[in-house]
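Chemist: Kindly generate the corresponding structure for this input.
(2 chains)
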Amino acid sequence: DAKTTQPTSMDCAEGRAANLPCNHSTISGNEYVYWYRQIHSQGPQYIIHGLKNNETNEMASLIITEDRKSSTLILPHATLRDTAVYYCIVRAPYSGGGADGLTFGKGTHLIIQP
Amino acid sequence: DVKVTQSSRYLVKRTGEKVFLECVQDMDHENMFWYRQDPGLGLRLIYFSYDVKMKEKGDIPEGYSVSREKKERFSLILESASTNQTSMYLCASSLNRAEAFFGQGTRLTVV
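Modeler: This is a model prediction of the structure:
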């Protein structure tokens, strides 16, 4: 799985959009970009994933650049409960024959300020 | 909603004890995982299982074993607990690689 680079920490004002960047310059053509977050003292939570098109769900939007070397997770109206560590993960699709685990880097600690 | 339930939220055990951490999922997922999380080291995969009675070593299996007798249950066993196994343990399940569901974690302290 390709390596990712994220800023160590970011601040965002409550009610504003939080934009979390991720660089994955060595991503392969069949690798997806996944985002998880981990709120303090809880297990990680899946947010969204995508291949090349932009994706949106009830939690967030994922914007992937045309060359796929970077992406941005957008939380449109951040609340205090969005304070968490956000992990960007790149991995190939399921190909059968069993599964293996996710590789979590250090992620970005997003702090939402009141 | 998918639920992954870990049997204990906090656990304190003595050095040398045999410790069982239990994890149950209710979504009929084939794949289940055990991770540990330590400050500065992130999440590290201990073992995973892609079917009943099947198991594979992850990145740090030493000192651990696992058991998967039923599809919904995946147990992590510390054969002889040591202080360096003090950690947060996280169980996860998934149907495929798209999305993994995690439990709340068990914070284990070995004294």
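Chemist: Which helix or strand contains the residue nearest the centre of chain A?
Modeler: By C-alpha atoms, centre = their mean, the mean C-alpha position of chain A lies nearest to A:W35, the distance being 2.9 Å. In this structure, A:W35 sits in strand A:32-38 according to DSSP states H and E.
Chemist: tell me the mean pLDDT for that strand?
Modeler: The average pLDDT within strand A:32-38 is 94.
Chemist: Any idea how many residues pack against A:K106?
Modeler: 14 (other C-beta atoms under 10 Å in any protein chain shown). Where C-beta positions appear, they are placed from N, C-alpha and C, glycine not excepted.
Chemist: so it touches A:T5, yeah?
Modeler: No - A:K106 is beyond contact range of A:T5, at 9.8 Å (criterion: C-beta atoms under 8 Å).
Chemist: Which positions in chain B make contact with chain A?
Modeler: Counting by C-beta under 8 Å from any C-beta of the partner chain, the positions of chain B adjacent to chain A are B:4, B:30-31, B:33, B:35, B:42-43, B:45, B:48, B:50-51, B:54, B:56, B:58-59, B:90, B:92, B:94, B:96-105.
Chemist: Just the buried residues from those, in PyMOL please.
Modeler: In PyMOL, this line selects whichever of the residues of chain B next to chain A come out buried by 16 or more other C-beta atoms under 10 Å in any protein chain shown:
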select buried, chain B and resi 4+30+31+33+35+42+43+45+48+50+56+58+90+92+94+97+100+101+102+103+105
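Chemist: Which of the residues of chain B next to chain A fall in strands?
Modeler: Assigned to strands by DSSP state E, the following of those qualify: B:4, B:31, B:33, B:35, B:42-43, B:45, B:48, B:56, B:90, B:92, B:94, B:100-102.
Chemist: With B:V24 as the reference, measure out to the closest residue to B:F74 other than its chain neighbours.
Modeler: Distance criterion C-beta to C-beta, 6 or more residues apart in numbering or on different chains; nearest residue to B:F74, sequence neighbours excluded, is B:M32 at 3.9 Å. Using C-beta to C-beta, to the nearest Å, we find B:M32 at a distance of 10 Å from B:V24.
Chemist: Regarding whichever residue of chain A sits closest to chain B, what is its secondary structure?
Modeler: Relative to chain B, the nearest point of chain A is A:G43 (3.1 Å; C-beta to the nearest C-beta). Look at A:G43: counting by DSSP: H, G, I helix; E, B strand; the rest coil, its state is coil.
Chemist: So it is in contact with B:G105, correct?
Modeler: Yes - if you go by C-beta under 8 Å, A:G43 and B:G105 touch, sitting 5.2 Å apart.
Chemist: Any idea how far apart the tips of stretch B:29-44 sit?
Modeler: End-to-end distance of stretch B:29-44: 21 Å, with C-alpha to C-alpha, to the nearest Å as the criterion.
Chemist: Retrieve the pLDDT associated with the residue nearest to B:F74.
Modeler: You'll see B:M32 listed with a pLDDT of 93.
Chemist: what's the answer for A:G98, then?
Modeler: On pLDDT, A:G98 comes in at 49.
Chemist: Could you list which residues are in contact with A:Y86?
Modeler: Applying C-beta atoms under 8 Å, 6 or more residues apart in numbering or on different chains to A:Y86 gives the contacts A:Q6, A:L20, A:W35, A:Y36, A:R37, A:I47, A:L73, A:G107, A:T108, A:L110.
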